[in-house]
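J.: 3D model of this:
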Amino acid sequence: SYRIDSPKGPSLLFVGPNLLPDEVDAETVDLAIVSPRNQELVAIARKVAPKLLIVDDAFVCQTVPGVPRITLRDVQAIQQELRPLHSVLLAPGESWTVTKPK
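T.: Numbering: from 1, shown residues only. Below you'll find the predicted structure:
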């Protein structure tokens, strides 16, 4: 997980599967790209209050046999928990252009 702040672009927070809420500063970001495999995702999202969340790697093939697969129903439940924050689920090959807010 990491954060990128650029003077000419949006502030980004990439939330990997193992990031914990106490490892994140409570600073608003423009965009959070999040893994639905992170058990603390909702707490992290509420802490940084992104203007948009992109749910990433939901359709990635199962790589660890002992870890349950993420279903579309699971992702939709996560999106409901994240409300009123706005989130987008991208299918493989889709993209979303984000610019710095004015």
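J.: name the SS class of Gln76, please.
T.: helix (DSSP: H, G, I helix; E, B strand; the rest coil).
J.: that one: how many residues sit nearby?
T.: 13 (other C-beta atoms under 10 Å). The way it works is simple: take the backbone N, C-alpha and C, and place the C-beta from them, glycine included.
J.: distance of it from Val55?
T.: Per C-beta to C-beta, to the nearest Å, Gln76 is found 10 Å from Val55.
J.: what's the answer for Val75, then?
T.: Distance from Val75 to Val55, by C-beta to C-beta: 6 Å.
J.: swap in Ile4?
T.: Between Ile4 and Val55 the distance is 18 Å, computed by C-beta to C-beta.
J.: if you count surrounding residues, which of these two has more?
T.: For Ile4 versus Val55, the count of surrounding residues by other C-beta under 10 Å is larger for Val55: 22 against 12.
J.: show the contacting residues for that one.
T.: Val34, Pro36, Val75, Ile78, Gln79, Ser87, Val88, Leu89, Leu90 (C-beta atoms under 8 Å, 6 or more residues apart in numbering).
J.: now a ChimeraX select for only the buried ones of the residues you listed.
T.: To isolate the buried subset of the contacts of Val55 in ChimeraX, counting by 16 or more other C-beta atoms under 10 Å, use the following:
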select :34,36,75,78,79,87,89
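J.: show only the entries of the contacts of Val55 found in strands.
T.: Counting by DSSP state E, these place Val34, Ser87, Val88, Leu89 in strands.
J.: beta partners of the residue most central in space within the chain?
T.: Closest residue to the average C-alpha location of the chain: Val34 at 1.9 Å, with C-alpha atoms, centre = their mean. Taking DSSP bridges as the rule, Val34 bridges to Val15, Val55.
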